[in-house]
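[1] following is a predicted model, sequence given first.
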Amino acid sequence: MNPTHLHLVLNHIPVLGPMFALGLLLFAFWRRSEDLKRGALGVATIAALAAIPAYMTGEPAEHTAERLPGVSESLIERHETSAAIALTGTLLLGALGATGLIRRRGRHPAPGWFNASLIVTLLTVNFLMAWTANLGGQIRHTEIRANASYRGASERDQARRERHHERREHDDD
């Protein structure tokens with residue numbers, strides 16, 4: 001497994017973890033379950049911890065990706081900048097999650113301000129991670145780039161259909 005593959009494997013945890021943590025936390029509020037709230041805090045903490053190796057493998061992955069055809073250095077740089085911001089937010093989320101877990105060891109419910117700050121942080125981190133993941137995807141997935149042109153593919157398909165039709169007519173003769 002090379003650094004690029006490792007980066008691609010690891011980056012899913014800090015992207016999906018906060019989404020899962022937010023859903024679990026909202027479900028915990030609905031069910032009024034302190035156990036589910038602790039679970040959401042644990043997921044947030046794990047996602048933050050996973051963000052560190054995902055970020056650290058980004059630079060070696062860049063060295064591999066920048067040599068590939070069709071890869072834009074500017075897209076890599078935008079992804080890298082966004083990843084640094086997302087990492088900061090995720091580490092803040094992890095600190096909140098760990099603090100909440102420590103405070104809830106005695107089964108005391110968290111104060112309202114803590115829950116509000118946790119939800120705001122989760123929403124922010126989910127946005128940052130989704131944005132960063134989108135930028136990372138654009139590096140190799142040209143079809144999701146804002147300036148993607150689908151006209152070229154349809155023209156190739158049309159030309160292929162015409163050649164196939166011409167061959168069939170020729171074969172029928």
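    Structure received.
[2] and the pLDDT at P69?
    For P69, the model assigns a pLDDT of 85.
[3] whoops, Q138 was the one
    Per-residue pLDDT puts Q138 at 88.
[4] what helices or strands is the strand or helix carrying it leaning on?
    Using DSSP states H and E, Q138 sits in helix 112-140. Where contact means 3 or more C-beta pairs under 8 Å, 6 or more residues apart in numbering; DSSP states H and E, helix 112-140 is packed against helix 12-31, helix 34-56, helix 73-103. Where C-beta positions appear, they are placed from N, C-alpha and C, glycine not excepted.
[5] could you rerun that using 10 Å?
    Packed against helix 112-140 by the contact rule (3 or more C-beta pairs under 10 Å, 6 or more residues apart in numbering; DSSP states H and E) you find helix 3-10, helix 12-31, helix 34-56, helix 58-65, helix 73-103.
[6] and A54, what does it touch?
    Taking C-beta atoms under 10 Å, 6 or more residues apart in numbering, we find A54 in contact with 6-15, 47, 61, 83, 86-87, 90, 132.
[7] in the chain, where is pLDDT below threshold?
    By pLDDT under 70, the weakly predicted segments of the chain are 106-107, 142, 144-145, 147-170, 172-173.
[8] circling back to that earlier point, just the buried ones out of the contacts of A54, please.
    Neighbour-count burial (16 or more other C-beta atoms under 10 Å) applied to the contacts of A54 gives 6-8, 10-11, 13-15, 47, 61, 83, 86-87, 90, 132.
[9] now, among those, which is nearest to H108?
    Among the buried ones among the contacts of A54, A47 lies closest to H108 (C-beta to C-beta), at 24.0 Å.
[10] any idea how far the closest one lies from T121?
    Per C-beta to C-beta, to the nearest Å, A47 is found 12 Å from T121.
[11] find residues that contact each of the two.
    With C-beta under 10 Å, 6+ apart as the test, A47 and T121 both reach 18, 90, 93-94, 97.
[12] name the member of those residues with the most neighbours.
    Neighbour counts for the shared contacts of A47 and T121 (other C-beta atoms under 10 Å) peak at P18, which has 32 neighbours.
[13] quick one: contacts for it?
    Counted by C-beta under 10 Å, 6+ apart, P18 has contacts 40, 43-44, 47-48, 51, 86, 89-90, 93-94, 97, 121-130.
[14] what subset of these is buried?
    Neighbour counting by 16+ other C-beta under 10 Å classes 40, 43-44, 47-48, 51, 86, 89-90, 93-94, 97, 121-122, 124-126, 128-129 among these as buried.
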